[in-house]
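Asker: sequence plus predicted model, see below.
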Amino acid sequence: MKRTFVIGGILLAASMSAGAQQPPGPARGNAPLADDSGAIFGAGFNADQTFQQRCATCHTTEGMTVGDRKALSMSALRGLPTDRVYQAISTGLMAVQATGIVDRDKRTLAAFVTGKPFGGAESLGVGAMTNACKINPPLGDITASPSWLGWSATETNSRFQSAQAAKLNAADAAKLKLKWAFGIPGGSIMSGQPTVAFGRVFVASDNNLVYSLDAKTGCVYWAYDAGSSGRFAPVIGRISGHPGATYALYFATGADTVFAVNAHDGKEIWKTPLPNQVTDASGATRELNHISASVAYHDGRVYVPFAGTETFYSPKAECCRSRGGLASVDANTGKLIWRVDTIPEPAKRIGTTQSGVPVWAEAGASVWNTPTIDAKRKVVYVGTGNAYGPTAAATSDSIIAFDMKNGSIVWSHQEFSGDSFMASFGPGGCAQTNAPGGACPQKMGPDWDFGGSSAILQKLPNGKDILLAAGKGGVAIALDPDDKGKVVWRTVLYDGQPPSALGLVMWGGSSDGQRVYYALQQPGGGLKALDLETGKVEWSADIQADPRGQSGAVSSIPGLVFTGGWDGVLRAVDGAGKVVWKFDTAVDFATLNGVSGKGGSLGVAGASIVDGMVYVPSGYVGIRQGSAGNVLLVFQVE
C-alpha cells in the first residue's frame with residue numbers, strides 16, 4: 001500500500017515497491033556529484049536504483065493520486081531546492097524512507113532527484129542581487145515604528161493589526177496596488193510569514209536564507225544562510241551580552257536548530273541544536289522530533305514547538321515513540337532551560353509486531369503551530385495533533401497550557417479523542433480498511449488535529465479573556481483560561497458532511513476583539529465570522545474560489561479581513577462579509593532585485609499589515625498540489 005504525507009508543507013509519497021515504473025527525471029546513472037564546496041561525494045552509491053526502489057512508484061510523471069491526496073510529480077520535485085529534499089530525507093518525516101542510507105549518500109540522492117547542485121549564500125545572497133541597500137543605518141527602538149512581530153502582530157496570536165499601526169482602513173482596500181515584488185533566488189515554497197519592524201521586513205523561503213529588506217523600497221540589507229529551511233516567521237526580541245547587538249532575530253529550522261541573528265547586520269549570535277534521538281532495538285539511531293512552526297518570544301525566552309516524526313509508518317521500524325513537545329531557550333545565550341513532551345506519561349513498550357519489531361505507546365500530539373503567550377497567567381498555549389500508533393493519548397487533538405517557569409502542564413482540553421492516524425505502505429502496513437495490528441491504529445483517523453492553527457488569546461468586550469481555537473476537524477471552540485480550559489462555546493463550521501483528513505481550518509484565524517474569522521478549505525472557499533461571546537456565525541463570505549478553498553492564515557485590521565487560498569488570489573473582505581478587493585498572485589512578476597519571480601498558491605503565511613503596506617508571500621505546494629512560487633508581494637494604497 002502507498003500513502004502520502006506532509007513534511008514542511010510539501011506533500012511527498014513513498015513506496016517500498018521495487019521495479020516501479022521509472023518516471024522521467026534527472027539524467028540516469030551514478031556519476032559523482034560536487035557539492036557547493038567543490039567536494040566530490042556519492043561514489044559507490046547508486047542513486048538511480050535507490051530512487052526506483054524507495055520513491056518511484058508514487059513520484060511518477062503526473063504524481064500518483066492516493067485517496068484525496070496527490071504525490072508530487074517528478075517535475076514538481078525537480079523544481080524544489082536540493083537542500084529541501086535533503087532535509088526531508090534526513091531530519092523530516094521522509095527520513096524513514098532513507099533508513100540505512102549514510103548522510104553523504106542522502107546528499108547524492110537529493111541532488112539526483114532535483115538534478116541540481118546544493119545551493120549556497122554566494123549565489124542566493126545580496127551579492128547576486130541588483131538592489132543592495134547603499135547604507136545600513138542603526139535600528140533604533142523597536143517601539144518607535146509599527147511592527148508585525150513573527151507569526152502575529154502580537155504574542156497573543158490574534159493576527160490583528162490596530163488601525164494606528166496598520167495605517168490602512170476598510171475604505172482604502174479597493175485602492176490597493178502592487179508597489180513592488182521581491183524574488184527569492186532558488187526558492188519555490190513561500191511558507192515564511194513576513195516580520196516587519198524598524199522599517200524593515202524580514203522574510204525566509206525554502207532556499208535556507210533569511211533576508212532583511214527595507215520595508216518601503218525593498219532594497220536588501222543582508223541575507224543569512226541558516227544551512228537548512230523551515231516553515232517559520234522570524235520573531236524579534238531584545239538580546240544582551242553581545243556587543244553590537246541590541247535586537248536579535250529568532251527562528252528555528254526543520255533541522256531542529258534554533259538561531260539568534262543580529263537584526264541589524266544579519267551576523268549569527270548563537271545557534272542551538274535541539275536533537276531528540278533514540279536508539280532502537282536494532283541499534284539504529286533515529287530522530288524523534290522536527291520543528292515545523294515559528295517560535296515565540298517573551299521576556300528573554302524563546303519557546304520552541306516540536307512535532308513528531310511517525311506520521312509515516314514503516315513496518316520494518318520500531319514505532320511509536322515520537323511525540324510533540326515544547327522547549328524554553330534562554331534568548332541571550334541559547335541555553336536550553338527546559339524541554340517537555342505534550343504527552344506527560346513516558347512511552348512504554350506494549351508488544352511486538354509479527355516480525356518481532358517492538359511496538360510502543362503513546363505517541364503523536366505534535367505541535368505544528370506557533371505557541372501563544374499568556375503573560376498575565378504566565379502560561380504558554382499550544383494546539384496538538386493526532387496520535388500515532390495503536391492508541392491515542394489524552395493530550396492529542398488538544399489545547400494545552402504549559403507553565404512558563406518549568407514547562408509543567410497546567411491544564412489541557414481534548415476536543416477529539418481516539419484520533420490516531422498514520423500513513424503507511426508495504427506488507428504489514430496499516431491498511432485503508434482500518435485493520436488494526438502491530439503499530440497500526442485500532443481505528444484509522446479521522447486526522448482532525450489543530451494543525452498549524454495557533455490558539456488566539458483575546459479579550460471580550462466585557463473585559464474577560466477567552467482562548468479561541470479551530471482546526472482540521474472544522475469545529476471552533478472558546479475556552480476559559482481562568483477555569484482550566486472549560487468550554488465556553490463550541491461551533492461547527494461545516495455544512496453537511498464533516499471534513500476529510502484534508503481538514504477544514506488549516507493555518508488559523510484572526511480576531512479583532514468583536515469577532516473571530518476562519519478561512520475554510522471547502523469547495524468555493526469560504527470565510528466565516530463568529531461572535532466572540534457566543535460563537536454564533538454572523539456571516540459567511542462568498543469567496544468563489546476554486547474547489548480547494550482557502551488554506552492561508554487569516555489576517556485582519558478594523559473592518560477588513562485578508563484571506564488567501566489555493567487559487568493564489570488574495571482577497572479583502574469587509575465587515576459585512578463582502579469581497580471588496582482581490583488580486584491574483586499566481587502569475588509572473590518583474591522583481592526589483594533582478595530575480596525571476598513567479599507567484600502561486602497562498603498557504604501557511606498570510607498578510608502582514610504595517611504602516612500602510614500589505615506584505616504577502618506567494619507560492620505554496622502543500623497537500624493539494626498547489627502552485628509553487630518565490631515572491632514577496634507588497635501592496636500600498638495608490
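Answerer: Looks like it arrived, so ask away.
Asker: which residue is the nearest non-sequential neighbour of residue 488?
Answerer: Take residue 488 and drop its neighbours on the chain: the residue closest to it by C-beta to C-beta, 6 or more residues apart in numbering is residue 478, 4.2 Å away. No exception for glycine: its C-beta is placed from N, CA and C like everyone else's.
Asker: which other helices and strands contact the helix or strand where the one you found lies?
Answerer: Secondary structure assignment for residue 478, by DSSP states H and E: strand 475-480. If you count contacts as 3 or more C-beta pairs under 8 Å, 6 or more residues apart in numbering; DSSP states H and E, strand 475-480 packs onto strand 465-470, strand 486-492.
Asker: for residue 589, give its distance to residue 599.
Answerer: Applying C-beta to C-beta, to the nearest Å, the value for residue 589 to residue 599 is 6 Å.
Asker: list residues touching both of those two?
Answerer: With contacts defined as C-beta atoms under 8 Å, 6 or more residues apart in numbering, the residues adjacent to both residue 589 and residue 599 are 631, 633.
Asker: pick out whichever of the two has more residues nearby.
Answerer: Between residue 589 and residue 599, counted using other C-beta atoms under 10 Å, the more crowded position is residue 599 (27 against 22).
Asker: any idea how far residue 370 is from the more buried one?
Answerer: When C-beta to C-beta is applied, the distance between residue 599 and residue 370 equals 24 Å.
Asker: so what's residue 190 closest to, chain neighbours aside?
Answerer: With C-beta to C-beta, 6+ apart as the criterion, residue 190 has its nearest non-adjacent residue at 3.5 Å, and that residue is residue 617.
Asker: residues contacting that neighbour?
Answerer: The contact partners of residue 617, by C-beta under 8 Å, 6+ apart, come to 190, 191, 192, 193, 194, 203, 205, 605, 631, 632, 633.
Asker: how is the protein divided into domains?
Answerer: In terms of domains, the chain is parsed into 3-80+82-118, 233-292+294-451 (source: automatic domain parsing).
Asker: weakest of those domains by average pLDDT?
Answerer: The stretch with the lowest mean pLDDT among those is domain 3-80+82-118, which comes in at a mean of 57.
Asker: report the buried residues of the helix ranked longest in the chain.
Answerer: Of all segments of type helix in the chain, defined using DSSP state H, the longest is helix 103-114. Residues of helix 103-114 classed as buried by neighbour count (16 or more other C-beta atoms under 10 Å): 105, 106, 107, 108, 109, 110, 111, 112, 113, 114.
Asker: then stretch 460-472?
Answerer: For stretch 460-472, a neighbour-count test (16+ other C-beta under 10 Å) marks 465, 466, 467, 468, 469, 470, 471, 472 as buried.
Asker: okay, and the beta partners of residue 290?
Answerer: residue 307 (DSSP bridges).
Asker: same question but for residue 479, I mixed them up
Answerer: Following DSSP bridges, residue 479 is listed with bridge partners residue 467, residue 487.
Asker: tell me, how many residues neighbour it?
Answerer: Using other C-beta under 10 Å, residue 479 has 26 other residues around it.
Asker: what sits against it?
Answerer: With C-beta under 8 Å, 6+ apart as the criterion, the residues that contact residue 479 are 399, 413, 466, 467, 468, 469, 485, 486, 487, 488.
Asker: which ones are touching the residue nearest to the fifth one when sequence neighbours are not counted?
Answerer: So the one you mean is residue 468. In space, residue 468 comes closest to residue 456 once its chain neighbours are excluded; the distance is 4.3 Å by C-beta to C-beta, 6+ apart. Residues in contact with residue 456 (C-beta under 8 Å, 6+ apart) are 156-159, 372, 467-469, 508-511, 516.
Asker: cool, residue 320 as well?
Answerer: Going by C-beta under 8 Å, 6+ apart, the list of residues near residue 320 reads 310, 313, 359, 360, 361, 362, 363, 364, 388, 389, 422, 439.
Asker: cool, residue 521 as well?
Answerer: Each residue near residue 521 by C-beta under 8 Å, 6+ apart is listed here: 499, 502, 503, 504, 505, 506, 548, 549, 550, 551, 566, 624.
Asker: same thing but at 6 Å, please
Answerer: Contacts for residue 521 were tallied using C-beta atoms under 6 Å, 6 or more residues apart in numbering; they are 504, 506, 549, 551.
Asker: which regions of the stretch 101-250 of the chain sit below the pLDDT cut-off?
Answerer: 102-104, 116-123 (pLDDT under 70).
Asker: how about the helices in it?
Answerer: With helices called from DSSP state H, counting those that start in this stretch, the stretch 101-250 of the chain shows them at 103-114, 121-124, 163-166.
Asker: what's the neighbour count on the closest residue to residue 416 other than its chain neighbours?
Answerer: On the basis of C-beta to C-beta, 6+ apart, the spatially nearest residue to residue 416 that is not a chain neighbour turns out to be residue 397, at 4.1 Å. Residue 397 has 30 neighbours, counted by other C-beta under 10 Å.
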